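[1] Next one to model:
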Amino acid sequence: MHTDNVNGGTATVPASTTGDAASPHLHDHLVADHHSFKPLSRPKRDMSHIQGWGADLDRKNRPAVPMEHSPPRLDGAPLAAPVQQPERIEVLVSPERPHITPLFGTSTPPKGLSGMLRRLAFKTTENDIRHFLLLLLADRINVVEGIGEDLLSGHVPNVLAEMGIKAEWEHNKAGLVRKVAIAGAVGGLAYYLLKRRGAAPRP
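    Prediction:
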């Protein structure tokens, strides 16, 4: 007789069943011991002090149950595909999905320098990091383009309010001070380098 450790327990195997010819018998013993293994049960902790805890358990304890509808509200919706929206503006699509969706937004068509960057971004696939980096850069440039359009139309934008400076000062003073310090350091370094370059003697 000999014993084998399985999942923290022991399975007793007759000595006559050891070896290559007895491997099926050994497997039977191991399987039987595996099925008899029971994981340790952990004591349940009281989570009732956490707001919303257990809302997905019993329907009687779910605050949204009175507002839910049965059958679902989408029951009876038309199954036919929506009518294709006419394409009156330039719509950018990725190479993975070259077809235009039935409905799309028309408020911000690509234009200017940001539009050029977006067109360049959509020439690459979405698994290319350049795709998203170009789109992020286009968004930043589009902000500056929007300020220029406001000034040309006679509207002076309140940049500080639109950037949420007031809210950030109330709720994140340390972060705001850090951003201002970094921006000031970068601006000061750029000014110093430009001034040094202009003051350099020409040969």
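
[2] Report the separation between the nearest residue to residue 156 once chain neighbours are set aside and residue 107.
    Setting aside the residues directly before and after it, residue 156 is nearest to residue 150 in space (C-beta to C-beta, 6 or more residues apart in numbering), at 7.1 Å. Bear in mind the C-beta positions are built from the backbone N, C-alpha and C, glycine included. Residue 150 sits 16 Å away from residue 107, going by C-beta to C-beta, to the nearest Å.

[3] Among those two, which residue is more densely surrounded?
    Shown here are residue 150 and residue 107; by other C-beta atoms under 10 Å, residue 150 has more neighbours (13 against 5).

[4] what about that one, helix or strand, and which?
    Using DSSP states H and E, residue 150 sits within helix 129-152.

[5] Show me what that helix is packed up against.
    helix 112-121 (3 or more C-beta pairs under 8 Å, 6 or more residues apart in numbering; DSSP states H and E).

[6] how does the chain divide into domains?
    Following automatic domain parsing, one gets these domains for the chain: 2-33, 104-157, 159-198.

[7] average pLDDT for the helix or strand containing residue 194?
    Taking DSSP H and E as the definition, residue 194 sits inside helix 173-199. Mean per-residue pLDDT for helix 173-199: 87.

[8] Buried residues, that helix. List them.
    residue 176 (16 or more other C-beta atoms under 10 Å).

[9] what packs against that helix?
    Looks like helix 173-199 contacts helix 165-171 (3+ C-beta pairs under 8 Å, 6+ apart).

[10] Show me what counts as buried in the helix it packs on.
    In helix 165-171, counting by 16+ other C-beta under 10 Å, buried: nothing.

[11] Can you spell out which helices and strands pack onto it?
    helix 173-199.

[12] burial measure for residue 92, as a count.
    Neighbours of residue 92 using other C-beta under 10 Å come to 15.

[13] Next, work out how far apart the closest residue to it other than its chain neighbours and residue 84 are.
    The shortest distance from residue 92 to any non-neighbouring residue, by C-beta to C-beta, 6+ apart, is to residue 122 (4.4 Å). Residue 122 is 20 Å from residue 84, where distance means C-beta to C-beta.

[14] So which of those two has more stuff around it?
    residue 122 (18 against 10).

[15] The residue nearest to residue 156 touches residue 162, doesn't it?
    No: using C-beta atoms under 8 Å, residue 150 makes no contact with residue 162, being 10.2 Å away.

[16] intersection of neighbour lists for those two?
    Shared contacts of residue 150 and residue 162 (C-beta atoms under 8 Å, 6 or more residues apart in numbering): none.

[17] where are the low-confidence patches of the protein?
    The chain contains residues with pLDDT under 70 at 1-41, 54-55, 57, 61-78, 199-203.

[18] can you put the domains of the chain in a markdown table and add distance to residue 90?
    Listed next are these as a markdown table, based on distance: least, C-beta to C-beta, whole Å:
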| stretch | distance to residue 90 |
| --- | --- |
| domain 2-33 | 63 |
| domain 104-157 | 6 |
| domain 159-198 | 27 |
